[in-house]
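[1] Just need the structure, nothing else, for what follows:
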Amino acid sequence: MIKSTLKIRMAERDLTFKALAQRTAITPRTLSNLANNKLIKLDVSVLGRLCQVLGCQVGDLFLWVPDGDELARKPKPRGVSADPALRRVTRRRRQPSSP
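    You can find the predicted model right below:
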């Protein structure tokens with residue numbers, strides 16, 4: 001799985017999506033989708049403009065994570081089912097009273 005490191009590069013340069021969009025002529029929505037790993041395809045000219053403005057190489061914008069790797073999986077909520085209808089109510093056990 002390919003992961004974007006755009007947010008890291010932007011933070012290093014103290015840039016917002018709006019500021020980066022103005023400097024690159026890339027829409028904020030496209031930048032947000034790229035940063036949140038929601039893009040399926042990306043034009044080479046977009047990469048070129050990002051690299052030029054951010055002063056980096058294409059490889060600095062992405063990270064390859066093997067599909068079986070823990071980083072590639074979304075964390076599951078602990079203790080609560082994702083489906084609210086299936087949530088369990090857990091009760092505390094009573095502490096034995098001292099004699």
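
[2] where do the strands sit along this structure?
    2-4, 62-64 (DSSP state E).

[3] and those as JSON lines, adding mean pLDDT and mean neighbour count?
    All C-beta spots, glycine's among them, are computed from the backbone N, C-alpha and C. Listed next are the strands of the chain as JSON lines, based on pLDDT from 0 to 100; neighbours: other Cβ atoms under 10 Å:
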{"stretch": "strand 2-4", "mean pLDDT": "92", "mean neighbour count": "14"}
{"stretch": "strand 62-64", "mean pLDDT": "93", "mean neighbour count": "13"}
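
[4] Pull out the buried residues from stretch 51-62.
    51, 53-54, 60-62 (16 or more other Cβ atoms under 10 Å).

[5] cool, and stretch 16-30?
    17, 20-21, 24, 26, 30.

[6] quick one on the thing from earlier: turn the strands of the chain into JSON lines, including distance to residue 47.
    Supplementary listing: the strands of the chain in JSON lines, determined by distance: least, Cβ to Cβ, whole Å:
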{"stretch": "strand 2-4", "distance to residue 47": "11"}
{"stretch": "strand 62-64", "distance to residue 47": "9"}
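
[7] wait, which of the ones you listed is closest to residue 38?
    strand 2-4 (9.2 Å; Cβ to Cβ).

[8] ok, that closest one: who's next to it in the sheet?
    Paired with strand 2-4 in the same sheet, following DSSP bridges, are strand 62-64 (antiparallel).
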